[in-house]
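[1] coordinates only, sequence not included:
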């Protein structure tokens, strides 16, 4: 008698392999489109839209980095080099969908249409979230690693229960895949068949720790198989490939196919933040090698090679980006108006007696300060 | 009490389709304490959901569900099983409203069976209220009576803020005159209740220690003590008014709880009482708490838990002037 034949055994004994893992496995090489024959079939308008967003995104990154040097931002975790996956993540979503960014994904929020100043309030330090997440359908930028992933699952699950065809796209870095919440989120999503897309941006380092010290998995996309969802490995610097793979995953989620895990293989060109010294853990030669694979140049080369990008179009994209940067600089240079009494705003629906007492204390201190 | 809690969830679910119960074993099994018994049958598995065994995942998913407009009622199976969910609780649940300036309130109830006295093995008897109390943005409540279990849970589910709902598991089987059809009028979250009026000292307590204090108060009568027993019900927000009114009247106070005394709720409560009632006090505010030890094995727990005798010993020590 086998275990399967034991009395009381259900149709699916706990140990039986229930899904053929082969279709879930990622291809061994990251999926690429740009520079390949497949690129010929790409939609011209989409490519130009991605190009504009990339140029805009690159400029946003350099401007935000410059603002840290002027002391206007407390910190900025740059996504320079990762713009392709950042903007593709934003562009594949419909208005009703939700984006769950990590702290490095300010650009994804901006590419989704969020005002850059609103997107940067957390990093400037005047408030944690500078926008209404429900209105924008962008969850607050999450500083703790991977903890926003279960939120994406819960929201997608709730939307599905409500009969809404809403998709949640959750972003996390390579380091974040080691966290327990990453595991729990993927497991919940797969069991619930929640309409979620998990996008891992593998940029090589969790601050200073390289991927080899982070995981022994063949790839981060391979982790999907253990949860029973497809894993996709993509060249994260190839905007067209990112857009294709993300679109497919979003479509799959929207039509009841369940979650997908996507690993975008990319590289963080800048240090972790302005407080980090990247020269201590990686060689200049490595950084230089990635420059040849820059997402903006990759797409530019494709567009130019196919005669789709003329000087006028290029100029217009640059000009639009410059004007965004100038506007951002201008507005970030103005001192934000802060009301210290906001410290007590929205801790609870109604303040507790303890908080009322403390807010009165602060009010008295402020009045005394003003009278001095 | 378990039935009153279950009835509270059922009534809330019937009235409000956005109320969802979720956790490990809450569905088919009805919870290990049967508190959610029948809810999955009545409302379907989408409204009373057996989740994968993962506390951070359960609470994290609840956050996303609350973001989409649901009111999740999450069960953590045992007090110490809630610890994996701690990061979700302190980094997201408690501060989401504040982070988003009110755009994303978190109307989540986290039900945590807590405390000892049921012979549970390791990790089944912790009293974790001090951790929750130390996290701004949470309400922390705990019923001690059967009617209060019903009313307080209804209040918690109706609240737009996250509520840690601590269920004294050794009171699950306590019986009382209570008809679910006519629930007693219930005080809102944030209000303490005088369970026994008295004049010579106040016992400030909550949850599983309330019956202990009531019993101690009866026993103390023989020794000439007329003890007032205040059931705090809500640790956050804290009802300074009711507490101080009582202590000012009696002039003496003992805080009684199961959790460890050092860094525990009693220290906070004693300090608040001292700051507000100093001139009315005839003696220092004393604490009767669990020892500062990891929760002991079940065969020794009776030595750890504050019982009637330990409360009475403290009351005797309130004769401060006579001592000094």
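    Arrived safely. Quick caveat, the model's predicted, so the values are computed rather than measured.
[2] so the most centrally placed residue in chain A is in which element?
    Per Cα atoms, centre = their mean, the C-alpha nearest to the average position across chain A is that of residue A:171, at 3.7 Å. Element membership for residue A:171 (DSSP states H and E) is strand A:168-173.
[3] what mean pLDDT would you report for that strand?
    Strand A:168-173 carries an average pLDDT of 98.
[4] is stretch A:243-263 up against chain B anywhere?
    No - judged by Cβ under 8 Å from any Cβ of the partner chain, stretch A:243-263 stays clear of chain B, getting no closer than 12.9 Å. Every C-beta, even on glycine, is put in place using the N, C-alpha and C of the backbone.
[5] what average pLDDT does that stretch get?
    On average, stretch A:243-263 scores 98.
[6] now it, how far from the centre of its chain.
    Distance of stretch A:243-263 from its chain centroid, counting by Cα atoms, centre = their mean, to the nearest Å, is 15 Å.
[7] list the buried residues of it.
    For stretch A:243-263, burial by neighbour count (16 or more other Cβ atoms under 10 Å in any protein chain shown) applies to A:243-250, A:252-254, A:258-263.
[8] narrow the residues you listed to those in helices?
    Among the buried residues of stretch A:243-263, the subset assigned to helices under DSSP state H consists of A:243-250, A:252-254.
[9] out of those, flag the one nearest to residue A:137.
    Nearest to residue A:137, judged by Cβ to Cβ, of those is residue A:250 at 13.7 Å.
[10] contacts only, for the closest residue to residue B:104 other than its chain neighbours.
    Counting by Cβ to Cβ, 6 or more residues apart in numbering or on different chains, residue B:96 is the residue found nearest to residue B:104 once chain neighbours are left out, at 4.9 Å. The contact partners of residue B:96, by Cβ atoms under 8 Å, 6 or more residues apart in numbering or on different chains, come to A:140, B:63, B:104-106.
[11] can you rerun that using 7 Å?
    Going by Cβ atoms under 7 Å, 6 or more residues apart in numbering or on different chains, residue B:96 touches B:63, B:104, B:106.
[12] ok, the second one - contacts?
    When the contact criterion is Cβ under 7 Å, 6+ apart, the partners of residue B:104 are A:133-134, B:67, B:96-97.
[13] out of those, which are buried?
    The neighbour-count test (16+ other Cβ under 10 Å) marks A:133, B:67, B:96-97 as buried among those.
[14] among those residues, which are in strands?
    Using DSSP state E, no member of those sits in strands.
[15] can you list the residues of chain B near chain A?
    With Cβ under 7 Å from any Cβ of the partner chain as the criterion, chain B meets chain A at residues B:46, B:52, B:54, B:56-57, B:60-65, B:67-68, B:70, B:87-88, B:91-92, B:97-105, B:136-137, B:160-161, B:190, B:236-238, B:240.
[16] go ahead and build a ChimeraX selection from the buried members of these.
    Buried subset of the residues of chain B next to chain A, written as a ChimeraX selection, criterion 16+ other Cβ under 10 Å:
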select /B:54,56,57,60,61,62,63,64,65,67,68,70,87,88,91,92,97,98,99,100,101,103,104,105,137,161,190,236,237,238,240
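[17] coming back round to it: wait, doesn't the residue nearest to the centre of chain A sit right on residue A:101?
    Yes - under the criterion of Cβ atoms under 7 Å, residue A:171 makes contact with residue A:101 at 5.3 Å.
[18] shared neighbours of the two, which are they?
    Common neighbours of residue A:171 and residue A:101, using Cβ under 7 Å, 6+ apart, are residue A:108.
[19] of all of the stretch 151-300 of chain A, which residue lies closest to chain B?
    Among all residues of the stretch 151-300 of chain A, residue A:154 sits closest to chain B, at 2.6 Å; criterion: Cβ to the nearest Cβ.
[20] low-confidence ranges in chain B?
    Where chain B drops to pLDDT under 70, the residues are B:177-185, B:321-324.
[21] could you pull out the helices for it?
    Using DSSP H, helices in chain B cover B:2-15, B:39-43, B:55-67, B:86-88, B:96-99, B:129-133, B:146-158, B:209-220, B:240-250, B:265-277, B:301-304, B:308-317, B:320-323.
[22] same check on the stretch 51-200 of chain A?
    A:83-91, A:106-111, A:116-124, A:133-136, A:148-161, A:180-192 (DSSP state H, counting those that start in this stretch).
[23] from the contact counts, what lies against the shortest one?
    Helices and strands touching helix A:133-136, as assessed by 3 or more Cβ pairs under 7 Å, 6 or more residues apart in numbering or on different chains; DSSP states H and E, are absent.
[24] next one: the third one
    Contacting helix A:116-124 under the criterion 3+ Cβ pairs under 7 Å, 6+ apart are the following elements: helix A:106-111, helix A:311-333.
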